[in-house]
Every structure is written in C-alpha cells, then in structure tokens.
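Q: sharing a sequence plus its predicted fold:
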Amino acid sequence: MSCLSKSIMVSSPSHAATTIRPDIQHLDLVSWRRHLHQYPELGFKEHLTAEFVAQRLTEWGIEHQTAIAETGIMATIIGEQPGPVLAIRADMDALPIQEENTVSYRSRHDGVMHACGHDGHTAIALGTARYLSQHRQDFAGTVKIIFQPAEESPGGAKPMIEAGVLQNPQVDAIIGLHLWNNLPLGTVGIKSGPLMAAVDLFECKIQGKGGHGAMPHQTTDAVVISAQIVNALQAIVARHVNPLNSAVVTIGQLHAGTASNVIADSSFMSGTVRYFDPELAHLIEPRMQDILTGICQSWGATYDLNYWRLYPPVINDAAISDLIRSVSTEVIETPTGVVPNCQTMGGEDMSFFLQEVPGCYFFLGSANADRGLAYPHHHPQFDFDETALAMGVEIFVRCVEKFCDPNP
C-alpha cells in the first residue's frame, strides 16, 4: 500500500484510536506550537525560535548547548542507568511564504510562514525533552535532542554533524518525524530503505546569437535550442533509468527573450533532479552533459551548466524502522494506522544524519479534511491537526523506552 493510496483514509480522523499517557496529554504542546507559528524564521536566522527553546530547557533544568551551527541547539537527557545513546532530531526553520490563514496564531512576520510543520516538530521535541527529564528512571543511557536550523535550505544537518552533535558520547541511532498532510490524522508512514529522494539542483545558460524575428537564418535561436533540450532531458529517465527505479528531472524555470519580434540571444533554465538510488548520481548528470553538448553543437551554440548535489536520499535502517513500526502500532490502534512502503520524491537533510548512524525518519499523519486542515505542504494556507503533536511525543518517548530499556 502506498502512502498516497486513498484506501488508507480513515472515515473520521478526529476519532482515531490512540494510546497517549496523561502526562503527555497535559503538556503545553499546542501553546508552544502556536507561539512558534507566530514568529517564523528562515534558515540560520532562527534566533527567536532558538531563544524560546533554550528558555524552556533552562526552566526545566535540562542540560543543553546553544549556537551550534549558528542557531542550532542540542539538549542532553541522561537516564538513571548507563546505556545506549539515542538522538532525536527536529528542524526549526520556516519558509519565505506569506501566510493566508486567518487563525489567531497566524504569522506575525511578513512574508515568512511555518508552511511545512516545523513549528510542530519543534514543539514535539520540546515535549519529548520535558517528559523524559521528568521520567529518567524509565530509560537507560542518554537521549540527545537536536533542534536543527535550515532544513529547507541551505541545510543545517551537515554543519551540526561537523560541530560534533553525534559525538561525546557517540550516538548509536537517530530518529525523527515529519508531520505529513499527505496522510490523515491517526496514521504513521514508515518504510525501511529509501524514504525520501536525493535532491540535486542545476542551472544552465544557453548562449546563441540573437536577431530579428523575421530573419531567423541570421541567428542561433536560444529559444528553439532550449525547447529541444527540455524535451531531450525527459528521455534521461524514460530511456536511461531502469524502469524499476524512480527518478525525476524537472525544469522549474525557463527564461528567454525580451520582445515578440526579437530572437533571443540567450536563455536560462534551472531545475531539480530526484532519485532514490544513490548510484543514479553517477548517471543523470553525465547524460545531461551529453544532451547539452550534442544539441548545442548541432546548432552552433554554447552552454554553461552548474550542477550541484544538495541532499542525498533519506535511507532508513531496517532495525530502527522496525522499532518505530512496533511503537506506532501500540500508539495508534486503528487497522490502517501504520502505512507501509511510504515514499516521496521530496528531499530532507535528515539524510546526512542517516549516513552517519543507523536511524529512521517517518511520517506522522496530520491532515483532517473535516476541519479544513488538509492543504499541502508549502501552501500559504497550510495547517495541521494539532492532535498529532501528542501522538508524536508518545511515539518518541516509547522509542526511547524500548531502545534504552533499563531492564532488557
């Protein structure tokens, strides 16, 4: 069953059967989330967000480090007995989007909005820290809670890793979640292996020769050349990628020309490449170079390609995925609660953490169409059912208790 399959929709998501302990239900998760939602900040500028997180951790007496990779924070909670080290990661940044919701907690920062649920991720991580700090007797070892900046771009995971958040003590495994409006409240999407795609980006300038629109024989038309390139790039996936694999080549921008009767001298295009199989990193870019070279040479044009790899694919460890799956079936007690084989071509820099230590990133269903809370991520009216916040804390806490079991 795919995570996009309509068959998993529950008839009444607001009544999803869940098991959440009272101490978690009584946390101020909604209040924290709504405060964060009102003061969204872009990547590496999460100063107010970091201050809010640090203040809560200080009030609760939780050891923490600040200013990691500029605005990142790491809280450390030690159980009453020695044991393994589990990390929990939450991202804090928002998006450059003007919010169109009319809720009381709408963004107060013009042109910036939490349109992807990171305010919820931060609230869930805070709630997990608060609960664990009050129940240290229930787990052995150490829990590191990583509040990460700049997931949306340019990426805060790698700088935090370079700053040593996985060291001293060495992290044995890492988990994280994404509130997911592609799934209804009361579901969890989990998959071993590739969950989210690699994110490559590219920009390309085509240089031709402009001229009069009535005299094309005197020109090298950058528009015609670009049209052929756009079509040819689609053949990379169609004819070079194994059809049992998944890949996408998308042209997101194409700009050329200044007037209707002027043949463009040059054009500019940019786009993204997505794939699950890391080996495709060695196939798609060279094929793109071949296509650009061949078409441009045949027309007497030149090109300048800038291609870079932003995030690798998110690849989950099988054993940690099984841990999340078993915990989720305990927390969400509906037959359709755990959705297997959930995947998306979206990308995430959680992938850098998963390259360093085994772990699992999973989706927590947060849509509730009955309440109008089903807009997609990155939409100016995005919002989610806040009931999911307590579910997220419960799942994290149970993962800690199982992974760091003081009485195995």
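A: Thanks, I have the structure now.

Q: contacts only, for the residue nearest to residue 19 when sequence neighbours are not counted.
A: Excluding the flanking residues, the one nearest residue 19 by CB to CB, 6 or more residues apart in numbering is residue 331, at 5.6 Å. The C-beta positions use only the backbone N, C-alpha and C, and glycine is treated the same way. Residues in contact with residue 331 (CB atoms under 8 Å, 6 or more residues apart in numbering) are 18-20, 391, 394-395, 398.

Q: residue 331 and residue 398, how far apart?
A: 7 Å (CB to CB, to the nearest Å).

Q: as JSON lines, the contacts of residue 331 with secondary structure, pLDDT and neighbour count would be great.
A: Below are these laid out as JSON lines (DSSP: H, G, I helix; E, B strand; the rest coil; pLDDT from 0 to 100; neighbours: other CB atoms under 10 Å):
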{"residue": "18", "secondary structure": "strand", "pLDDT": "77", "neighbour count": "19"}
{"residue": "19", "secondary structure": "coil", "pLDDT": "88", "neighbour count": "11"}
{"residue": "20", "secondary structure": "coil", "pLDDT": "95", "neighbour count": "16"}
{"residue": "391", "secondary structure": "helix", "pLDDT": "97", "neighbour count": "28"}
{"residue": "394", "secondary structure": "helix", "pLDDT": "98", "neighbour count": "25"}
{"residue": "395", "secondary structure": "helix", "pLDDT": "98", "neighbour count": "25"}
{"residue": "398", "secondary structure": "helix", "pLDDT": "98", "neighbour count": "19"}
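
Q: residue 239: helix or strand, and which one exactly?
A: Here residue 239, judged by DSSP states H and E, is contained in helix 222-240.

Q: contacts for the very next helix or strand once past that helix, please.
A: Per DSSP H and E, the first helix or strand lying C-terminal to helix 222-240 is strand 247-256. Outside strand 247-256, the residues that touch it by CB under 8 Å, 6+ apart are 197, 222-223, 226, 230, 233-234, 236-237, 241, 264, 266-277, 280, 284, 288, 345.

Q: one more time with 7 Å
A: Residues from elsewhere that reach strand 247-256 (CB atoms under 7 Å, 6 or more residues apart in numbering): 222-223, 226, 230, 233-234, 236-237, 241, 264, 267-275, 280, 284, 345.

Q: what do you get for stretch 116-123?
A: By CB under 7 Å, 6+ apart, stretch 116-123 touches 29, 32-33, 36-37, 49, 53, 90-95, 147, 151, 178-179, 366, 377-378, 384, 389.

Q: give me the subset of those residues lying in helices.
A: Within these, residues falling in helices by DSSP state H are 29, 32-33, 36-37, 49, 53, 389.
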